[in-house]
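Asker: take this sequence and fold it.
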Amino acid sequence: MTKLSGRRNKSCYYVLSLAVEAAWSCLPEEPKMGVICAMVQARTGMSAGAVSKALSRVTADIWDYGDREKLHKIYGHSVAEKPTPKALVFVLAVYCQSMGSRPHAVPPLSSNTTS
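Answerer: This is a model prediction of the structure:
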């Protein structure tokens, strides 16, 4: 995710890495985002709303500042519109699986996990 990220110092990337790790553990199933958010919530102590908001922020950050070519490669095609947080999480999980690597949560760069 570091290569894809826009402004990697934002702590919402930690939430994304936890969400991708949670989604990867459920593959090939694709649970609802509420389940993924609950799994992240259990690891962080954040509210479900804060997790959801962080995933929205990180998706916007990747879209606005990230490596668009890397995003196209991960999706396997050109991405014309900003993905939804759910789509991004599951595409990243599937991409990690296809690369033969289990995603690992990247520790937050700051103690604030809501930005």
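Asker: give me the low-pLDDT residue ranges for this structure?
Answerer: Applying pLDDT under 70 to the chain picks out residues 1-3, 6, 8-9, 102-115.
Asker: that one: strands as residue ranges?
Answerer: Counting by DSSP state E, the chain has no strands at all.
Asker: what residues does the helix ranked longest in the chain touch?
Answerer: Taking DSSP state H as the criterion, the chain has its longest helix at helix 48-65. With contact meaning CB atoms under 8 Å, 6 or more residues apart in numbering, helix 48-65 is reached by 4-7, 10-13, 15-16, 19, 33-34, 37-38, 40-41, 44, 46, 71, 82-85, 88-89, 113-115. C-beta here means a position set from N, CA and C on the backbone, and glycine is covered the same way.
Asker: let's go with 7 Å and repeat that
Answerer: With CB atoms under 7 Å, 6 or more residues apart in numbering as the test, helix 48-65 has contacts from 4-7, 10, 12-13, 15-16, 19, 37-38, 40-41, 71, 82-83, 85, 88-89, 113-114.
Asker: of the residues you listed, buried ones?
Answerer: Neighbour-count burial (16 or more other CB atoms under 10 Å) applied to those gives 4-6, 10, 12-13, 15-16, 19, 37, 40-41, 71, 83, 85, 88-89, 113.
Asker: so where do the helices sit in this structure?
Answerer: Assigned by DSSP H, the chain shows helices spanning 12-26, 33-44, 48-65, 68-75, 85-98.
Asker: of those, flag the one that's most buried.
Answerer: Ranked by mean neighbour count, these are led by helix 12-26 with a mean of 24 (mean count of other CB atoms under 10 Å).
Asker: chain center to it, what's the gap?
Answerer: How far helix 12-26 lies from its chain's middle: 5 Å, per CA atoms, centre = their mean, to the nearest Å.
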